[in-house]
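# build the 3D model from these lines:
(4 chains)
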Number of protein chains: 2
Amino acid sequence: MAKPLFDRNDVIDKSIELFWHNGFSASSIQQVVKATGLKPGSIYHAFGSKEGLFRESLEIYAQKGLMHISRVLDTAPSIGEGICMLLEKNIQASTQKNYCGCFLVKTRLELAAAGSELYELASAKLNEIEALYESYLEKEFGKELGRQRATSLMLHIFGMRVYGYRQKSAERMRQGLQEGLPWLPWVQRNLK
Amino acid sequence: MAKPLFDRNDVIDKSIELFWHNGFSASSIQQVVKATGLKPGSIYHAFGSKEGLFRESLEIYAQKGLMHISRVLDTAPSIGEGICMLLEKNIQASTQKNYCGCFLVKTRLELAAAGSELYELASAKLNEIEALYESYLEKEFGKELGRQRATSLMLHIFGMRVYGYRQKSAERMRQGLQEGLPWLPWVQRNLK
DNA sequence: TAACTTTTTGAGTAATTATTCAAAATAATT
DNA sequence: AATTATTTTGAATAATTACTCAAAAAGTTA
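All right, here's what the predicted structure looks like:
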């Protein structure tokens, strides 16, 4: 019973990187071979298909994202401040050189028309994220307002993932968020 | 001097349909051949490359979108009511069977990492849309608040383009929009 | 060490890809 | 009708695609 010699986590991390940047269609198995060092046979033995590898990459990515949100919101001084921290981190990320949006959002848009199982997976994970925010906001604002603000927050997060691709959009985006999410405890940035 | 026999508008419309649904990478020239009835040689003679055809499709799509926004906002009773009409139309569209988001948004997300010229084109057109909304909102709210609300509106529009893929999200999305864009003249829907 | 099980290898496959081009067809001009 | 200019054709091309499989290597157990 020989066990896999390659580091599965490492291979998944490198696959996430590749698929996240290029999307499903534009990423070839040959690129995976190059990125991971695995030979085609090993990839198919371990993951079954390109779709199988993509699915596992997407799942791990989503799981990490959900855990990150929970961790930040559980340790922040307040839920509102935690959300602000998460949003600010998204803004920061969008200023990075190789900004790439969100893997789940990109997958949902790319594969919606194909009716792919991967689209369903991405959608399910995005719904989980909304449900997670909702569970926190309900505690703060009650059932109805919590749900409403969770939806509003998701609209803004999705919006950022598209808007953020523009260079130098950080400050503008920050102002737009403050305009649309006035119930969050924004900190004063530039007093003038 | 023989002139083209095929209807360029018709070919572009069918190309928009195909590219919009499948994206750039997942649309093949053979699919274009099938969808338009043109032979490969004709396509390359008329548009130069797959990218050339995609570019022209994207440009026409964007132009139609910009014109539609102007027309609605120019004829609406007020700018606010016009924007509400446009948003409501987006919500309605998202409930359609083959909802497909926005061609510009999809292109921006798909081709950002590739540093493609098509990404630049999609971004430029999305910026034009924001500038158009800004020009209207400035008249209503002044320079600074107009700009801020145009950004907020764009974040919501982008957000809808992602959020809307979920089935049965219409009512929830409507409430989220009302929460984030309270300065718009929303009409009462269900009194209870 | 030997027998056994599982993983890895990497050349190979059939299908699909974007693109080309010489020849045929078509339209405008003479 | 003849000439010229342009478009259309569609089979062919070289490259790339996702994926396979028999053999070799490696780990586990006896």
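# all contacts plus neighbour counts: C-alpha atoms, from now on.
Fine.
# residue in chain A nearest to DNA strand C?
Nearest residue of chain A to DNA strand C: residue A:41, at 2.9 Å (Cα to the nearest atom of the strand).
# any idea of the pLDDT on that residue?
Residue A:41 carries a pLDDT value of 94.
# what kind of secondary structure is it in?
The three-state label for residue A:41, taken from DSSP: H, G, I helix; E, B strand; the rest coil, comes out as helix.
# what is the burial count for it?
When neighbours are counted by other Cα atoms under 10 Å in any protein chain shown, residue A:41 registers 11.
# what about it, distance to residue A:48?
When Cα to Cα, to the nearest Å is applied, the distance between residue A:41 and residue A:48 equals 10 Å.
# for chain A, what spans make up the helices?
In chain A, the segments counted as helices under DSSP state H are A:8-22, A:29-36, A:40-47, A:50-75, A:79-94, A:103-111, A:117-141, A:143-163, A:170-180.
# and the residue nearest to residue A:184 when sequence neighbours are not counted, how far from DNA strand D?
In this structure, residue A:184 finds its nearest non-sequential neighbour in residue A:80, 5.5 Å apart by Cα to Cα, 6 or more residues apart in numbering or on different chains. For residue A:80, the distance to DNA strand D under the criterion Cα to the nearest atom of the strand, to the nearest Å works out to 42 Å.
# so who does the residue nearest to residue A:109 when sequence neighbours are not counted touch?
Distance criterion Cα to Cα, 6+ apart; nearest residue to residue A:109, sequence neighbours excluded, is residue B:106 at 6.3 Å. By Cα atoms under 8 Å, 6 or more residues apart in numbering or on different chains, residue B:106 lies in contact with A:109, A:110, B:20, B:23.
# ditto for residue A:139
residue A:146.
# let's see 7 Å
Not one residue lies near residue A:139 by Cα atoms under 7 Å, 6 or more residues apart in numbering or on different chains.
# and the spatially most central residue of chain A, what pLDDT?
Ranked by distance to the mean C-alpha position of chain A (Cα atoms, centre = their mean), the top residue is residue A:102 at 4.2 Å. According to the prediction, residue A:102 has pLDDT 97.
# now it, what are its backbone angles?
phi -130, psi 130 (degrees, to the nearest 10).
# so it touches residue A:163, yeah?
No. Between residue A:102 and residue A:163 there is no contact under Cα atoms under 7 Å: 11.9 Å.
# ok, the closest residue to residue A:26 other than its chain neighbours - how many residues close by?
The spatially closest residue to residue A:26, leaving aside those adjacent along the chain, is residue B:25, at 5.9 Å (Cα to Cα, 6+ apart). The local packing count at residue B:25 equals 17, with neighbours defined by other Cα under 10 Å.
# what pLDDT is listed against the residue nearest to residue A:109?
For residue B:106, the pLDDT comes out at 97.
# repeat that for residue A:177.
Among the per-residue scores, residue A:177 shows a pLDDT of 97.
# list the contacts for it?
Residues near residue A:177 by Cα under 7 Å, 6+ apart: residue B:152.
# residue A:138 too?
The contact partners of residue A:138, by Cα under 7 Å, 6+ apart, come to A:146, A:147.
# and it, how far is that from DNA strand D?
Residue A:138 sits 43 Å away from DNA strand D, going by Cα to the nearest atom of the strand.
# distance of that residue from residue B:166?
Plainly put, residue A:138 is 22 Å away from residue B:166 if you go by Cα to Cα.
# same question, residue A:4
Per Cα to Cα, residue A:4 is found 38 Å from residue B:166.
# go on, residue A:48?
The span separating residue A:48 from residue B:166 equals 29 Å under the rule Cα to Cα.
# with neighbour numbers in mind, choose between those two.
With other Cα under 10 Å as the criterion, residue A:48 and residue B:166 differ in neighbour count, and residue B:166 comes out ahead with 18 against 12.
# and the gap between that one and DNA strand D?
For residue B:166, the distance to DNA strand D - Cα to the nearest atom of the strand - is 27 Å.
# need phi/psi at the nearest residue to residue A:21 once chain neighbours are set aside.
Residue nearest to residue A:21 in three dimensions, not counting chain neighbours: residue B:113, with 5.6 Å by Cα to Cα, 6+ apart. Here is the backbone geometry of residue B:113 (degrees, to the nearest 10): phi -70, psi -30.
# hang on, isn't residue B:113 packed against residue A:23?
No. Under the criterion of Cα under 7 Å, residue B:113 makes no contact with residue A:23, lying 9.3 Å away.
# and the two? Which one has more around it.
residue A:23 (23 against 17).
# what does chain A put close to DNA strand D?
Contacts of chain A with DNA strand D, taken as Cα under 7 Å from any atom of the strand, map to A:1-3, A:5, A:25-30, A:40-42, A:44, A:48-51.
# of the residues you listed, grab the buried ones for PyMOL.
The following PyMOL line selects those of the residues of chain A next to DNA strand D that are buried, judged by 16 or more other Cα atoms under 10 Å in any protein chain shown:
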select buried, chain A and resi 25+26+27+29+50
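# related to what we said a few turns ago, quick one: contacts for the residue nearest to the centre of chain A?
When contacts are taken as Cα under 7 Å, 6+ apart, residue A:102 is in contact with residue A:161.
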